[in-house]
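>>> Show me how the following folds:
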Amino acid sequence: MAATERWERCLNSREAQGRPGERLTIAIALAGLPWAWRAITQINTMPAPESLSYRFVILRHEGSAEYKPGVHWDLMLERDGRLRTWALAELPAADREIDAERLPDHRLAYLDYEGPVSGNRGTVRRIDAGQFEIVSESPDEWIVALVGQDYRGRLSLRRSGGAWRCAYEPA
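Here you go, the predicted structure:
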């Protein structure tokens, strides 16, 4: 059976019907088309349109002895096909500011990842995840409205004199 024929058959299969968001992925899996997986991976890493919510995650990062021993929390905000990341000294809480350190951008895979971090940098565990809307954004300030399982409210990250601070106001 030709690849295009397998494709049509799988796209219209019973497993793919009634699940429009998953239909294409299911058809690709059923058809066994490796070139299509590459195309889906590229589509899934494209930046979201401005009008849609972005995703966020807060991870508990337990550092290894060789890399930042102890615990900090990674706040990751999806933007432009990657995760803008800050290491937080503590979990955000109402009515207090906490220290934040801007880290290099991370891959989108961390939105769903828990486990060991490459390079023997410790392990991460998801604390909260959800969506957010950008209220305002500049090189020195991010203000976002979080809608997660635990965090619902406004989170601000501000840089002053080279140091970042994080504040959270519950909704």
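
>>> Give the rounded mean pLDDT of the longest strand seen in the chain.
In terms of residue count, the longest strand belonging to the chain (DSSP state E) is strand 123-138. On average, the pLDDT along strand 123-138 is 96.

>>> Neighbours of Gly81, how many?
By other C-beta atoms under 10 Å, the residues close to Gly81 number 14. All C-beta spots, glycine's among them, are computed from the backbone N, C-alpha and C.

>>> measure it to Ile134 for me?
Noted for Gly81: a distance of 15 Å to Ile134, by C-beta to C-beta, to the nearest Å.

>>> do Asn120 as well
To Ile134, Asn120 is 34 Å away according to C-beta to C-beta.

>>> quick one: which of these two has more around it?
Higher neighbour count among Asn120 and Ile134: Ile134, with 14 against 11, using other C-beta under 10 Å.

>>> Could you report the distance from the more buried one to Val124?
Applying C-beta to C-beta, the value for Ile134 to Val124 is 24 Å.

>>> Could you look up the SS state of Ala109?
Using DSSP: H, G, I helix; E, B strand; the rest coil, the structure places Ala109 in helix.

>>> Tell me how many other residues crowd it.
Around Ala109 there are 9 residues (other C-beta under 10 Å).

>>> Could you report the pLDDT at it?
Note on Ala109: pLDDT of 95.

>>> who are the neighbours in contact with it?
Counting by C-beta atoms under 8 Å, 6 or more residues apart in numbering, Ala109 makes contact with nothing.

>>> so where's the protein uncertain?
Counting by pLDDT under 70, the low-confidence segments of the chain come to 1-52.

>>> Can you identify each of the strands in it by residue range?
In the chain, the segments counted as strands under DSSP E are 54-63, 70-79, 82-88, 97-106, 115-116, 123-138, 141-148, 152-160, 163-170.

>>> Give the buried residues for the last one.
Burial within strand 163-170, assessed by neighbour count using 16 or more other C-beta atoms under 10 Å, is assigned to Trp164, Cys166, Ala167, Tyr168.

>>> so how far is Ser156 from the third one?
Using C-beta to C-beta, we find Ala167 at a distance of 5 Å from Ser156.

>>> I figured Phe132 was touching Arg79, is that so?
No: counting by C-beta atoms under 8 Å, Phe132 stays clear of Arg79, with 10.0 Å between them.

>>> what's the overlap in contacts for these two?
Common neighbours of Phe132 and Arg79 (C-beta under 8 Å, 6+ apart) are Tyr54.

>>> care to break the chain down by domain?
3-44, 54-170 (automatic domain parsing).

>>> Let me know which of these is tucked in deepest.
Highest mean neighbour count among the domains of the chain (mean count of other C-beta atoms under 10 Å): domain 54-170, with a mean of 16.
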